[in-house]
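Engineer: fold the following for me, if possible:
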Amino acid sequence: MRAVIDACVLYPTVLREIVLGVARAGLIEPLWSDRLLEEWARTAARHGGAVDEAIARGDIAALALSFPQAKIPADLGVEARLWLPDEGDVHVLATAVSGQAEAIITLNLRDFPAREVSGQGVRALHPDAALYDLWLSHPEQVAGVVAGVHATAQHLSGEQLDKRALLKRVRLPRLAKALA
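Structural biologist: Next up is the predicted model:
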């Protein structure tokens, strides 16, 4: 599945690592634009200051190396012909259209009404729905990615973390239940 990964999915570390982990496993072909990546960096700065922004910018540079085909250049012509209730999200849909994506993976489904995005051949998916569907067709791969992210989170925190609680905290309740 070719999918634009919205900035709101890229910023929380655990959610990003799971989504990009399934991309590394070949289950998602991720797409983004410079603007989406910049939104991620600005959100990191707003929530965690200069240190988090620097980490985000380092992660963005690493993503450029890991997924060189993921960056979709801005196309103002495409953007100009699109409409969404929040004009600040039009660039996300334009990235999907320009990149011939099947989906936009976002936590903000209400910003991407089905009648607007489906007319462009795209669907907006919550990460929980997207990952759950991938788990149904590739359970070992998705479970392996989640296990790896869970282990890394535990290592970095220095404490035992309940996997189901961790997944629920990053808004993946269906996937959490499926992997319980």
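Engineer: for stretch 22-29, buried residues please.
Structural biologist: 22-23, 27-28 (16 or more other Cβ atoms under 10 Å). (Glycine included, C-beta is placed from N, CA and C.)
Engineer: oh, that last question was meant for stretch 93-109, not what I typed.
Structural biologist: 93-99, 101-108.
Engineer: and the furthest pair within these?
Structural biologist: Greatest spatial distance among those (Cβ to Cβ): Ser98 and Leu107, at 22.0 Å.
Engineer: and the next element down the chain from the helix or strand hosting Ala151?
Structural biologist: Taking DSSP states H and E as the criterion, Ala151 maps to helix 139-157. Heading C-terminal from helix 139-157, the first helix or strand you meet, by DSSP H and E, is helix 163-169.
Engineer: average model confidence for that following helix?
Structural biologist: Mean per-residue pLDDT for helix 163-169: 96.
Engineer: give the contact list for Ala62.
Structural biologist: Applying Cβ atoms under 8 Å, 6 or more residues apart in numbering, we find Ala62 in contact with no residue.
Engineer: ramachandran angles for it?
Structural biologist: phi -70, psi -40 (degrees, to the nearest 10).
Engineer: cool, and Trp32?
Structural biologist: Torsion angles, degrees, to the nearest 10, at Trp32: phi -160, psi 170.
Engineer: just Leu136 next, same as before
Structural biologist: Here Leu136 shows phi and psi, under degrees, to the nearest 10, equal to phi -60, psi -40.
Engineer: wait, is Leu131 part of a strand?
Structural biologist: No - under DSSP: H, G, I helix; E, B strand; the rest coil, Leu131 falls outside any strand and is assigned helix.
Engineer: does it touch Leu175 like I think?
Structural biologist: Yes - assessed by Cβ atoms under 8 Å, Leu131 is found in contact with Leu175 at 4.9 Å.
Engineer: helix, strand or coil for Leu82?
Structural biologist: Going by three-state DSSP: Leu82 is coil.
Engineer: and it, what's its pLDDT?
Structural biologist: For Leu82, the predicted pLDDT is 96.
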